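Engineer: Here is a sequence with its predicted model. Questions after.
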Amino acid sequence: MGWVNTHTRELFDGYYSLDITYELLLGGYYPTGINANSNYVARDLAALGLILSPQPPTDPLKVVWKTIWSAKVPGKVALNAWRIAANILPTRRNLSLKGYDGDTGCVLCSHDPEDSLHLFINCPYASDIWSKAGLQWSVNGAASMHECLLATLPRLNKEEVNKTLMLRWGIWKNRNSQVWEQKSKHASETFLITLGWYEDVKRSNASPVVRCRQGVKLVKPRAGQFKMNCDGAYIPSTRRGGVGCVSRNSEGEFLAGASRPHALLTSPFHAELLALKEGLRLAMTLQYTEITFESDCALLVQAFQQEDQDLSTMCLLIYKHASGES
């Protein structure tokens with residue numbers, strides 16, 4: 001058996017004990033007819049493969065990666081969630097590990113240190129947002145964000161996962177605004193704006209509805225009533241625009257009009273909304289008691305007619321202007 005010992009040591013020495021190797025090679029697995037002139041020792045290839053090429057270890061965060069990349073959220077939101085899970089987000093704690101010697105306290109509450117677990121879970125600012133969203137995190141003394149993600153993400157349904165990733169992106173964006181611009185939104189504002197954007201994303205990802213364009217016949221108001229036609233214009237390249245409104249009586253005769261330029265508009269819908277607001281101002285100035293407002297913006301009409309709670313950007317604009325903000 002000297003040749004077996006020699007070739008066995010050549011193949012396995014430094015990796016497996018000689019006793020285990022003998023058990024593998026001499027347990028009935030080596031080919032018959034092998035002789036001293038053979039320059040190798042072999043056994044059943046499948047069994048040997050399990051020894052030389054063991055199964056790779058299972059990634060404990062596999063379920064987290066799958067949850068993140070299957071979420072129906074914008075790419076930058078999913079990427080931000082991945083950076084949080086991989087612990088490579090440039091929080092002050094992580095920066096200190098790479099040589100940063102400045103303040104390591106939380107930008108939003110001064111807690112030291114600012115790491116992902118604190119910023120997105122334990123920080124009072126984040127806790128306020130999660131409370132408003134109806135998502136309470138019971139981390140049970142988790143020592144890291146990895147432990148927190150493994151304990152929470154698998155229990156959430158798809159809608160809750162989407163909102164969680166969106167709100168974490170909103171928290172991170174607000175934190176960066178505070179760092180670089182010294183501007184920080186209230187938790188309520190961050191919550192509304194972020195989920196408003198999420199509602200817009202869901203609408204844009206929904207199956208398009210085919211609509212047939214039909215001619216619209218203008219209907220005159222009843223005798224003694226008035227009609228206010230409102231319209232807005234928007235230039236995307238400059239984010240500027242203008243609004244106008246015209247008042248007519250039941251005979252279609254022109255009574256009054258108003259127009260106004262606007263800067264820093266966000267969308268065509270924003271321009272249409274400001275046009276309606278201008279029409280309301282004119283109607284109040286003329287002291288109309290019975291008046292019908294008319295707009296060619298179907299989204300604006302639908303937004304005012306719906307009864308369900310809506311957190312989209314469009315309805316946030318309506319709430320903003322209805323409260324008297326400019």
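Structural biologist: It's in. Numbering: from 1, shown residues only.

Engineer: And the strands in the stretch 151-300 of the chain?
Structural biologist: 226-235, 240-248, 254-262, 291-295 (DSSP state E, counting those that start in this stretch).

Engineer: tell me which strands and helices the longest one is in contact with?
Structural biologist: With contacts defined as 3 or more C-beta pairs under 8 Å, 6 or more residues apart in numbering; DSSP states H and E, the packing partners of strand 226-235 are strand 240-248, helix 268-285, strand 291-295. Using the backbone N, CA and C atoms, a C-beta is placed for each residue, glycine as well.

Engineer: buried stuff in that strand?
Structural biologist: 226-234 (16 or more other C-beta atoms under 10 Å).

Engineer: Quick check: can you list the domain ranges of this structure?
Structural biologist: Following the assignment in automatic domain parsing, the chain carries domains at 2-52, 62-205, 226-322.

Engineer: can you list those in TSV and add distance to Val219?
Structural biologist: Converted to TSV, these look like this (distance: least, C-beta to C-beta, whole Å):
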stretch	distance to Val219
domain 2-52	81
domain 62-205	30
domain 226-322	9
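
Engineer: Which members of the buried residues of strand 226-235 are the farthest-apart pair?
Structural biologist: Between any two of the buried residues of strand 226-235, the greatest separation by C-beta to C-beta is 26.8 Å, found for Phe226 and Tyr234.

Engineer: and His118, what does it touch?
Structural biologist: Taking C-beta atoms under 8 Å, 6 or more residues apart in numbering, we find His118 in contact with 106, 111.

Engineer: quick one: it is in a strand?
Structural biologist: No. If the criterion is DSSP: H, G, I helix; E, B strand; the rest coil, then His118 is helix and not within a strand.

Engineer: where in the stretch 201-326 of the chain is pLDDT low?
Structural biologist: Applying pLDDT under 70 to the stretch 201-326 of the chain flags the ranges 206-218, 306-326.

Engineer: what's the pLDDT at the closest residue to Ser127 other than its chain neighbours?
Structural biologist: Nearest residue to Ser127 in three dimensions, chain neighbours excluded: Ile121, at 7.9 Å (C-beta to C-beta, 6 or more residues apart in numbering). pLDDT recorded at Ile121 is 90.

Engineer: so Ile121 touches Trp137, yeah?
Structural biologist: Yes. If you go by C-beta atoms under 8 Å, Ile121 and Trp137 touch, sitting 5.4 Å apart.
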